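1. coordinates only, no sequence provided:
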């Protein structure tokens, strides 16, 4: 089985995993149904993909051996191997919760204050020249 898969990828029997990956990428690019105009590209691509999976079956976590339709959404290579997040300190937990609560409360309040105070400034605009003139008269 391994010899047939290697022959399909065009590789010798003593090739490395890196060589298998490079050959797979090259062949997959040529045979992918989206890039190839060959009508049989879809079946060739699936055959190639199955050969690749058999060749590297021991190098991937068991979650990725199941068909894609049965995998959990988070069972991807990235989610399995990414660095775990450090636990939050109590102070960080407090401010994360408090910050979001404050934001939710004070955003509408600030918007309301701005909305209510804006007409006051609009009414003062015509008065400003009169106030400046009055200051000049007091200064004389």
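-> All right, it came through fine. Everything numeric here is computed off the predicted structure, so don't read it as measured data.
2. count of neighbours near residue 99?
-> Residue 99 has 10 neighbours, counted by other C-beta atoms under 10 Å. C-betas here are computed from N, CA, C, even on glycine.
3. check residue 28 too.
-> Neighbours around residue 28, by other C-beta under 10 Å: 14.
4. in which helix or strand would I find it?
-> Residue 28 is part of helix 17-31 when elements are defined by DSSP states H and E.
5. give the next helix or strand downstream of the helix or strand of the chain with the lowest mean pLDDT.
-> Ranked by mean pLDDT, DSSP states H and E, the weakest helix or strand in the chain is helix 77-81, scoring a mean of 57. The helix or strand immediately downstream of helix 77-81 is helix 90-124, counting by DSSP H and E.
6. do me a favour and average the pLDDT over the very next helix or strand once past that following helix.
-> Going down the chain from helix 90-124, the next helix or strand is helix 127-139, by DSSP H and E. For helix 127-139, mean pLDDT is 81.
7. domains of this protein?
-> Per automatic domain parsing, the structural domains of the chain span 2-81, 91-139.
8. quick one: residues contacting residue 48.
-> Residues near residue 48 by C-beta atoms under 8 Å, 6 or more residues apart in numbering: 8-9, 24, 27-28, 31.
9. go ahead and build a ChimeraX selection from the buried members of the residues you listed.
-> In ChimeraX, this line selects whichever of those come out buried by 16 or more other C-beta atoms under 10 Å:
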select :8,9,24,27,31
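10. any chance of the contacts of residue 48 in a markdown table, plus distance to residue 57 and pLDDT?
-> Formatted as a markdown table, the contacts of residue 48 follow (distance: C-beta to C-beta, whole Å; pLDDT from 0 to 100):
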| residue | distance to residue 57 | pLDDT |
| --- | --- | --- |
| 8 | 15 | 84 |
| 9 | 15 | 84 |
| 24 | 13 | 86 |
| 27 | 18 | 88 |
| 28 | 17 | 87 |
| 31 | 21 | 84 |
